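K.L.:
Have a look at this fold, sequence not included:
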(Lines give C-alpha, C1' and ligand atoms only; values in the text may rest on other atoms or scores of the structure.)
Protein backbone atom coordinates (compact mmCIF):
# COMPACT_ATOMS: atom_id res chain seq x y z
CA UNK A 1 0.00 0.00 0.00
CA UNK A 2 1.33 3.43 -0.93
CA UNK A 3 1.83 5.84 1.92
CA UNK A 4 0.04 9.18 1.77
CA UNK A 5 2.16 12.27 1.26
CA UNK A 6 2.60 14.37 4.42
CA UNK A 7 0.07 17.17 4.81
CA UNK A 8 1.24 20.53 6.13
CA UNK A 9 -1.15 22.04 8.69
CA UNK A 10 -1.24 25.22 10.70
CA UNK A 11 -1.34 25.18 14.48
CA UNK A 12 -4.89 24.96 15.93
CA UNK A 13 -6.45 28.38 16.21
CA UNK A 14 -3.69 29.74 13.97
CA UNK A 15 -6.13 30.92 11.39
CA UNK A 16 -5.39 28.91 8.23
CA UNK A 17 -5.03 30.80 4.98
CA UNK A 18 -1.83 31.52 3.11
CA UNK A 19 -0.15 33.67 5.74
CA UNK A 20 2.33 30.89 6.51
CA UNK A 21 3.94 30.26 9.86
CA UNK A 22 3.47 27.47 12.36
CA UNK A 23 3.01 24.63 9.88
CA UNK A 24 3.91 21.05 10.69
CA UNK A 25 3.79 17.87 8.57
CA UNK A 26 1.50 15.02 9.56
CA UNK A 27 1.81 11.32 8.82
CA UNK A 28 -1.05 8.87 8.38
CA UNK A 29 -0.74 5.65 10.43
CA UNK A 30 -2.66 2.50 9.43
CA UNK A 31 -3.82 0.14 12.18
CA UNK A 32 -5.08 -2.94 10.31
CA UNK A 33 -6.15 -4.72 13.48
CA UNK A 34 -8.46 -1.87 14.54
CA UNK A 35 -9.38 -1.05 10.93
CA UNK A 36 -8.51 2.60 11.21
CA UNK A 37 -6.24 5.28 9.86
CA UNK A 38 -4.94 7.83 12.37
CA UNK A 39 -3.16 11.17 12.24
CA UNK A 40 -1.56 12.41 15.44
CA UNK A 41 -1.91 16.16 15.84
CA UNK A 42 -0.08 18.48 18.21
CA UNK A 43 2.31 15.80 19.41
CA UNK A 44 0.42 12.75 20.66
CA UNK A 45 -2.56 14.25 22.54
CA UNK A 46 -4.90 15.11 19.65
CA UNK A 47 -5.68 12.73 16.82
CA UNK A 48 -7.92 12.43 13.79
CA UNK A 49 -9.34 9.00 12.91
CA UNK A 50 -10.97 7.30 9.93
CA UNK A 51 -12.74 3.98 10.63
CA UNK A 52 -13.42 1.45 7.88
CA UNK A 53 -14.79 -2.06 7.26
CA UNK A 54 -14.14 -4.58 4.50
CA UNK A 55 -17.31 -5.36 2.52
CA UNK A 56 -15.67 -7.62 -0.04
CA UNK A 57 -12.26 -8.86 -1.16
CA UNK A 58 -11.39 -5.57 -2.82
CA UNK A 59 -14.02 -3.20 -1.44
CA UNK A 60 -13.61 -1.03 1.66
CA UNK A 61 -16.41 0.99 3.27
CA UNK A 62 -15.07 4.21 4.81
CA UNK A 63 -17.49 4.53 7.72
CA UNK A 64 -16.59 7.50 9.88
CA UNK A 65 -14.05 10.27 10.30
CA UNK A 66 -13.45 12.23 13.46
CA UNK A 67 -11.30 15.36 13.67
CA UNK A 68 -10.89 17.50 16.82
CA UNK A 69 -12.84 20.79 16.63
CA UNK A 70 -9.70 22.95 16.57
CA UNK A 71 -8.44 21.16 13.43
CA UNK A 72 -11.68 21.02 11.41
CA UNK A 73 -11.87 22.68 8.02
CA UNK A 74 -8.21 21.98 7.20
CA UNK A 75 -8.69 18.95 4.94
CA UNK A 76 -7.51 16.34 7.45
CA UNK A 77 -10.48 13.98 6.95
CA UNK A 78 -10.03 14.28 3.18
CA UNK A 79 -6.35 13.39 3.58
CA UNK A 80 -7.25 10.36 5.72
CA UNK A 81 -9.68 9.11 3.06
CA UNK A 82 -7.12 9.17 0.21
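P.N.:
Sure thing, it's come through. Computed from a prediction, not measured in an experiment: that's the story for all the values here.
K.L.:
which residue ranges form the strands in this structure?
P.N.:
Along the chain, the stretches classed as strands by DSSP state E are 7-9, 24-26, 28-31, 36-41, 46-54, 60-66.
K.L.:
Please identify the most buried of these.
P.N.:
strand 36-41 (a mean of 19; mean count of other CB atoms under 10 Å). Using the backbone N, CA and C atoms, a C-beta is placed for each residue, glycine as well.
K.L.:
Relative to that strand, what are the paired strands and their orientations?
P.N.:
strand 28-31 (antiparallel), strand 46-54 (antiparallel) (DSSP bridges).
K.L.:
now that strand and strand 60-66, what's the angle there?
P.N.:
Orientation of strand 36-41 against strand 60-66 (axes from the mean of the first three to the mean of the last three CA atoms, to 10 degrees) gives an angle of 30 degrees.
K.L.:
Can you list the low-confidence ranges for this structure?
P.N.:
1-25, 44 (pLDDT under 70).
K.L.:
ok, back up a step: go through the strands paired with strand 36-41 and name the closest to residue 76.
P.N.:
For residue 76, the closest of these is strand 46-54, at 4.8 Å, according to CB to CB.
K.L.:
Residues in contact with that closest one: which ones?
P.N.:
Strand 46-54 is contacted from outside by 12, 35-41, 60-68, 70-71, 76-77, 80-81, using CB atoms under 8 Å, 6 or more residues apart in numbering.
K.L.:
switch the cut-off to 7 Å
P.N.:
35-41, 60-68, 71, 76-77, 80-81 (CB atoms under 7 Å, 6 or more residues apart in numbering).
K.L.:
go on, stretch 58-66?
P.N.:
Counting by CB under 7 Å, 6+ apart, 48, 49, 50, 51, 52, 53, 54, 55, 77, 80, 81 sit against stretch 58-66.
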